[in-house]
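S.K.: model the following, please.
(chains A, B and C)
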Amino acid sequence: MITFDAVSKRYPDGTVAVNELTMEIPSGSTTVLVGPSGCGKTTSLRMINRMIDPSAGRILIDGTDVTAVPASRLRRGIGYVIQNAGLFPHRTVLDNVATVPVLTGTPRAAARREAAALLERVGLDPALGRRYPAQLSGGQQQRVGVARALAADPPILLMDEPFSAVDPVVRTELQDELLRLQADLGKTIVFVTHDIDEAIKLGDRLAILAVGGRLAQFAAPSQVLAAPADDFVAGFVGRDRGYRALSFTAGDGIAVRPEPTIRIGDVPTGADWLLVTDDDGHPRGWVDAAAHPGGTPVAEADLRLGGTLLGPGGSVRTALDAALSSPSGRGVAVDADGRVTGSIRAADVFAVAERTARDEPGEPPVPAPAVLSKDRPA
Amino acid sequence: MNWAWIDSQWPTIWQEFGQHVWLSVLPVLIGLLLSIPIGALAHRYGWLRPPLVTLAGLTYTIPSLALFVVLPGLLGTKILDPINVVVALTLYTVALLVRTVADALDTVPDDVRQAALAMGYRPVRQLLAVDLPVAAPVIGAGVRVATVSNVSLVAIAALIGVPQLGSLFTQGFQEDFATPIIVGIVGCLVLALVLDLLIVLAIRLLTPWQRAGRIGRRGRSAAAAELAEVVGPAEVIG
Amino acid sequence: MNGVWTFLSDGANWVGPDGIWTRIAEHLQYSVLALLIAAVIALPLGALIGHTGKGITAAVGLANLLRALPSLGLLTLLVLWGLTIVQDNPDIPARWGLYVPSILVLVILGIPPILTNTYAGIGAVDPAVRDAASGLGMTGGQVLRKVELPVAAPLIFAGLRSAFLQIVATATILALVVTLGGLGRFILDGPKSPVNPYGIMAGGAVLVAVLAIVGDRVIAAIGYAAISPGLRSNGRPGNRRRRPALTTRNDPAALAEVQQ
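M.R.: So this is what the prediction gives:
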């Protein structure tokens, strides 16, 4: 557990970056510090490994003050990932990953062996280990950055906007990779971002900070969306928060209706959209029977690619998106193997969403870890 | 060109060439060793930088001829002692390289520095293991400039009588005889060229990652190294 | 240091054909003339290379070659040749036999810093800025005059200052050529003087240094007036430490800061 005890950071020019911040970051889960620029989220993060020293207050890790050990020793036990990875350009990828183990006295050969294994773990070909950072793409560099932070197997991982410099597609990949890694590792991750969507996706808990370093809300993402603590939080999570909140409602209750399917080479009949699958029942796309020249078989080129799919365990948000993104207006539901199980309609999704919305506001706020701040008593 | 003279004087010329080599190289080696800690201090402590840069600039305004003549009085050495030349050129080298080292350390990307700090490097080890290697291309470019200009400066010591290739200039001038002068100039050019090539080679061996970077995208330090070649002697700045 | 003061504070040492004022005037004359000629050669050449991006390798080679030429060797050789030429051609004033070679040596010294800084300064102009200028309908010459040269100005002036420093310091060896004088005379003749030898010699060195610093300040002042306020580097030392890593390709101001 990382404890912030009335921590403040004031700069000599009078700027207050963090104002009497008190919070408890639980172990083994991901806590996202999120807020607009100037809210002190990066400053707060960097005070944990003493890259910045607080002007007042204390930070404790599992009850021990971070100032109790020399800064360099403290840092070797805390992984740190930053925006541009900060890889050492003069060292190979493998030696970059092996940095901290070598610093702490692991023989180089052993450290390199472990580094190669770690590369695989973060989804990189170990053959990349011999390259220099400049020869990698931005996404690969960022993966190396994560591997390097994990090399000494630190219980805590600090991540400062690690994915904000890569393109959206790669960012999504990296986020998924992090979720997968975290499911295996169960580290205490403190993650800083200004992107509320990223925060909702990755965080078990969100610490929403307002400009001037004030902690506005500390709660699970679902609760932040359902019950923003104040106008600032409501404004920050945005107008879409009702829609975003659908991410936290399981789509199990949505009616899945039978959907007739045809195959490539079949002759479509009727005047409706028809779902085309391959021989194993995996969805291939939609064909509009009304527009299809009568009597001719369906060819690959006739297919309109379908929208997103609703798999088992999908949320209401996924279901709604599947329905809205399908050319037929019917979202495709699939089983764990990706075979079509039927289709869902937006109206049915809305019914579930409405029911959820009616039920939840009345629910008492989920008891969150202490949200304590001098100017905002909980 | 009087080839017979060259032939007859060859042993002397060769000896003077040898003298010239170590009088040019030794000050660069000593100067580099001194400049790294001083430059690192100037980089780390901002307040040290303006006085150091001004001092370096002032050193550069002292004519080498004057330094060669004054140093025996300060060091208690004989006027013809080559040590005077080594000390004088070391001073110039330090004046040039202190700024280069400090500027080169500035080119280490901030995220690299932050990452090193966050991984628990202590200052000296970080300087040796991270900052200096990353700054090496820029420092190397500065060493090239210092070495080449040293080869030219050493020759001036002939005016006070320290034997090396420059002695061929004074000899030729006094005897109204161009051959020794041409031999001396060619000798200096060859020496400068060879030393320059050796340094380029050493930099390449020390920074394999630089070429790796060029295959992909241009590394920042590559651009910075190009810049350092531009930097002439330090300037006086108040 | 006492000797230096004795030498410099005696008014009698300042006047006359061998006096300090005469030597300063000679020294300054050679230095300024050499700087101007070097600039006239190196500036257009550097601008052309920087603008076209062609011939950079050749320019680097040329600059390194000129840097490697030993000034003393060049001076002695050119003077020998110069004297022969004036002997054979009575039409040429005899003085030129010494004068032209001396200036030439200083010019060669001044070319590398001006040349490299000019093409590097222009090469460092942000390609986006250059594109924008062309997009506004400027011709190649206009882009060079109105955009590239002004943006490269901080670096060009740094090159001029660097060239001047080397020229002034090296002009002392012109004393070798007896009749040309200059402040080097004090350094070369001082040690032979029966009275205050050390003071005269060190005094000469001090005068050279002062001349270099004053000249440097003057060029810096001209540069300050000529450089757009948007490109002036902020001289506050505090700013240096947190300076982001240099990217020569797109930040000439930062580039120039390294120079100064």
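S.K.: buried ones in the lengthiest helix in chain C?
M.R.: Longest helix in chain C by number of residues (criterion: DSSP state H): helix C:20-52. For helix C:20-52, burial by neighbour count (16 or more other CB atoms under 10 Å in any protein chain shown) applies to C:20, C:22-24, C:26-28, C:30-31, C:33-35, C:37-39, C:41-43, C:45-51. Quick note: C-beta positions are derived from backbone N, CA and C, even for glycine.
S.K.: please name the nearest non-neighbouring residue to B:Arg113.
M.R.: B:Asp131 (7.1 Å; CB to CB, 6 or more residues apart in numbering or on different chains).
S.K.: now swap in A:Thr99 and tell me
M.R.: The nearest residue in space to A:Thr99 (CB to CB, 6+ apart) is B:Met119, at 5.6 Å.
S.K.: ditto for C:Ala202
M.R.: Closest to C:Ala202 by CB to CB, 6+ apart is C:Val4, at 4.9 Å.
S.K.: okay, and that neighbour sits in which element?
M.R.: helix C:2-9 (DSSP states H and E).
S.K.: how far off centre is that helix?
M.R.: 29 Å (CA atoms, centre = their mean, to the nearest Å).
S.K.: okay, the angle between it and helix C:20-52?
M.R.: On the basis of axes from the mean of the first three to the mean of the last three CA atoms, to 10 degrees, helix C:2-9 is oriented at 90 degrees to helix C:20-52.
S.K.: what helices or strands is helix C:2-9 leaning on?
M.R.: Packing partners of helix C:2-9 (3 or more CB pairs under 8 Å, 6 or more residues apart in numbering or on different chains; DSSP states H and E): helix C:197-226.
S.K.: where does the prediction get shaky in chain A?
M.R.: Low-confidence segments of chain A, defined by pLDDT under 70: A:306, A:359-378.
S.K.: regarding it, what is its longest helix?
M.R.: Chain A, longest helix under DSSP H: helix A:168-185.
S.K.: quick one: contacts of whatever helix or strand comes next after it?
M.R.: Sequence order places strand A:188-193 as the next helix or strand after helix A:168-185, per DSSP H and E. The contact list for strand A:188-193, computed with CB atoms under 8 Å, 6 or more residues apart in numbering or on different chains, reads A:1-2, A:25-34, A:41-42, A:45, A:48, A:155-164, A:182, A:199, A:202-203.
S.K.: roughly how far apart are C:Val15 and B:Trp14?
M.R.: 50 Å (CB to CB, to the nearest Å).
S.K.: got it, and C:Val177?
M.R.: C:Val177 is 29 Å from B:Trp14, by CB to CB.
S.K.: those two: which has the busier surroundings?
M.R.: Neighbour count, other CB atoms under 10 Å in any protein chain shown: between C:Val177 and B:Trp14, C:Val177 has more, with 23 against 11.
S.K.: got a list of contacts for stretch B:61-74?
M.R.: B:77-79, B:81, B:84-85, B:87-89, B:91-92, B:153, B:156-157, B:159-160, B:162, B:236, C:165, C:168-170, C:172-173, C:184, C:187-188, C:190-191, C:198, C:201-202, C:204-205, C:208-209, C:212-213.
S.K.: contact partners for the residue nearest to A:Thr99?
M.R.: Contacts of B:Met119 by CB under 8 Å, 6+ apart are A:Arg75, A:Arg76, A:Tyr80, A:Thr99, A:Val100, A:Leu103, A:Arg148.
S.K.: let's see 7 Å
M.R.: Shown in contact with B:Met119 (CB atoms under 7 Å, 6 or more residues apart in numbering or on different chains): A:Arg75, A:Arg76, A:Thr99, A:Val100, A:Leu103.
S.K.: rewinding a little: could you tell me the angle between the longest helix of chain A and strand A:188-193?
M.R.: 160 degrees.
S.K.: buried ones in helix A:168-185?
M.R.: A:Val170, A:Arg171, A:Glu173, A:Leu174, A:Gln175, A:Glu177, A:Leu178, A:Leu181, A:Gln182.
S.K.: how close does the fifth one get to A:Val122?
M.R.: Yep, that's A:Gln175 we're talking about. For A:Gln175 relative to A:Val122 (CB to CB), the value is 13 Å.
S.K.: before we move on, what about C:Ala12?
M.R.: 82 Å.
S.K.: for the two, indicate the residue with more neighbours.
M.R.: Under the criterion of other CB under 10 Å, the comparison of C:Ala12 against A:Val122 puts A:Val122 first, with 22 against 7.
S.K.: the more buried one touches A:Val146, doesn't it?
M.R.: Yes. Here A:Val122 lies in contact with A:Val146, judged by CB atoms under 7 Å, at a distance of 5.2 Å.
S.K.: helices along chain A, start to end?
M.R.: Using DSSP H, helices in chain A cover A:41-48, A:71-76, A:93-97, A:99-103, A:108-121, A:138-150, A:168-185, A:196-202, A:221-226, A:231-237, A:241-245, A:316-325, A:346-359.
S.K.: buried ones in the last one?
M.R.: If I follow you right, that is helix A:346-359. Residues of helix A:346-359 classed as buried by neighbour count (16+ other CB under 10 Å): A:Ala346, A:Asp348, A:Val349, A:Val352, A:Ala353, A:Thr356.
S.K.: now for the residue nearest the centre of chain B: which residues touch it?
M.R.: Closest to where the C-alpha atoms of chain B average out (CA atoms, centre = their mean) is B:Ala146, at 2.5 Å. Taking CB under 7 Å, 6+ apart, we find B:Ala146 in contact with B:Val28, B:Gly31, B:Thr93, B:Leu96, B:Leu97.
S.K.: so for the helix or strand where it lies, what's the average pLDDT?
M.R.: Here B:Ala146, judged by DSSP H and E, is contained in helix B:132-156. The average pLDDT within helix B:132-156 is 91.
S.K.: how far out from the middle of the chain is it?
M.R.: Per CA atoms, centre = their mean, the centroid offset for helix B:132-156 relative to its chain is 4 Å.
S.K.: now swap in stretch A:65-79 and tell me
M.R.: 27 Å.
S.K.: what sits up against it?
M.R.: So stretch A:65-79 is contacted by A:48-50, A:58-59, A:100, A:103-104, A:149-150, A:152, A:154, A:156-158, B:118-122 (CB under 7 Å, 6+ apart).
S.K.: which parts of chain B are helices?
M.R.: Under DSSP H, chain B gives helices at B:3-44, B:49-61, B:64-75, B:82-106, B:110-118, B:123-126, B:132-156, B:166-175, B:178-206, B:208-215, B:220-230.
S.K.: also the stretch 51-200 of chain C?
M.R.: C:56-68, C:71-88, C:96-123, C:127-135, C:140-142, C:149-170, C:184-189, C:197-226 (DSSP state H, counting those that start in this stretch).
S.K.: could you check the angle the longest one makes with helix C:20-52?
M.R.: This means helix C:197-226. 40 degrees.
S.K.: just the buried positions in helix C:197-226, please.
M.R.: C:197-209, C:211-213, C:215-216, C:219-220, C:223.
S.K.: next, the angle helix B:64-75 makes with that helix.
M.R.: 130 degrees.
S.K.: let me see the mean pLDDT of helix C:197-226.
M.R.: Mean predicted confidence for helix C:197-226 is 87.
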